[in-house]
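S.K.: Here is a sequence with its predicted model. Questions after.
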Amino acid sequence: MNLNKRTAVLISALAVVFTFASAGFAQMVGGYKVVAKTDAGAVAAAEFAVEAQSEKSGSEISLEDIVKAERQVVQGSNYRLCLEVSTDGGDTTFVQAIVYVDLKNNRRLSKWEDSTCGETAAVPANKPIMVGGYGSVAKTDATVIAAAKFAVAKQSESSNSELSLGDIVKAERQVVAGMNYRICMNVNVEGDEPMSVVAVVYQDLKRNYSLSSWKAADCG
C-alpha cells in the first residue's frame, strides 16, 4: 500500500514537472529570435534561399552578405533572413527571405521579396535616426554605391556623354521621406580628363531613384 502511494505521488510530481516544462516550451515557440549571421543554420538557409530563388526566377542570383538573421522555433525552424544579393552581376539589392527547415533538415523557401531591411539594419538599435541633417556613411556602403552608379548612368544619359564611376571619395545620407545621398566622387569621361563631382540622389520609399543635382566640385 505504501509502495502504491509512493508511486502515485511520484507520477503526480512528474506530471506537474512535465506541465511546467511544456508551458515553458510553448512560450519559446512562436517568436523570432536574433541569431548570429555566421550561425551555420542561418548560412545554410541563406545559401539555399539564393539557390532556390535562382532556379525559380531563371536568374543568376549571388549572395553578397547576410545582413541579419533570426530564427523561429516551430515543428522545425523558420529562418528569417535579411540578405544583400546581386542578380546577373548587377547592383546589389536587399531582400527578405524566409526558409523553413523541418525536423529531417529538409528546407523550403517560404518567402522572397525586395526589402529595405539592409538600410534599417545599418542603423544601431540604440541610435535614433535623425531626420533633416546629413550624416556620414561609409563610401563602401552598398546603398551608396548603388546611388552613385545610378547618378553616373543618369548623367551620362542626360548629357549624351560616356561617363563611368571612378571612385567614391565621400558619402553622406539624409533621412527624409525616403533617403537623400550626397556623394562626392571622381568620374571618368570618355575622351576627356576625369572630373570630380558632387551628386545628390533621392531614393523614395519604394526604392526608386532620381538625380536631384550634379555639380563639379573638389572632392579633395
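M.R.: Here it is on my side, so go on. Please read these numbers as outputs of a predicted model, since none were measured by experiment. Numbers count the residues shown, from 1 in each chain.
S.K.: and S54, backbone torsions?
M.R.: Dihedral pair for S54: phi -60, psi -50, per degrees, to the nearest 10.
S.K.: Make 773 the first number, not 1, from now on.
M.R.: Let's use 773 as the start, then, which means that last one is S826.
S.K.: What pLDDT is listed against it?
M.R.: At S826, the model reports a pLDDT of 92.
S.K.: quick one, what contacts the residue nearest to it when sequence neighbours are not counted?
M.R.: Take S826 and drop its neighbours on the chain: the residue closest to it by C-beta to C-beta, 6 or more residues apart in numbering is I833, 4.4 Å away. Just so you know, the C-beta spots here come from the backbone N, C-alpha and C atoms, and that holds for glycine as well. By C-beta atoms under 8 Å, 6 or more residues apart in numbering, the residues touching I833 are 822, 825-826, 857-859.
S.K.: As JSON lines, those residues with secondary structure, distance to T912 and neighbour count would be great.
M.R.: What follows is the contacts of I833, written out as JSON lines (DSSP: H, G, I helix; E, B strand; the rest coil; distance: C-beta to C-beta, whole Å; neighbours: other C-beta atoms under 10 Å):
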{"residue": "V822", "secondary structure": "helix", "distance to T912": "22", "neighbour count": "22"}
{"residue": "Q825", "secondary structure": "helix", "distance to T912": "25", "neighbour count": "18"}
{"residue": "S826", "secondary structure": "helix", "distance to T912": "25", "neighbour count": "16"}
{"residue": "V857", "secondary structure": "strand", "distance to T912": "17", "neighbour count": "21"}
{"residue": "S858", "secondary structure": "strand", "distance to T912": "15", "neighbour count": "15"}
{"residue": "T859", "secondary structure": "strand", "distance to T912": "20", "neighbour count": "16"}
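S.K.: what's the domain layout of the chain?
M.R.: Domain ranges of the chain: 773-802, 804-893, 906-988, per automatic domain parsing.
S.K.: need the least confident one among those, by mean pLDDT.
M.R.: Looking at the domains of the chain, the bottom one is domain 773-802 with a mean of 50.
S.K.: For the nearest residue to A920 once chain neighbours are set aside, name its beta-bridge partners.
M.R.: Leaving aside its sequence neighbours, A920 sits nearest to I955 (C-beta to C-beta, 6+ apart; 5.0 Å). I955 has the following beta-bridge partners by DSSP bridges: A943, A971.
S.K.: Now do the same contact list for the spatially closest residue to G963 that is not a sequence neighbour.
M.R.: Closest residue to G963 apart from its sequence neighbours, by C-beta to C-beta, 6+ apart: E934 at 7.7 Å. Contact analysis of E934 by C-beta under 8 Å, 6+ apart lists 928, 961-963.
S.K.: Distance check, E934 against V924.
M.R.: Distance of E934 to V924, computed by C-beta to C-beta, to the nearest Å: 10 Å.
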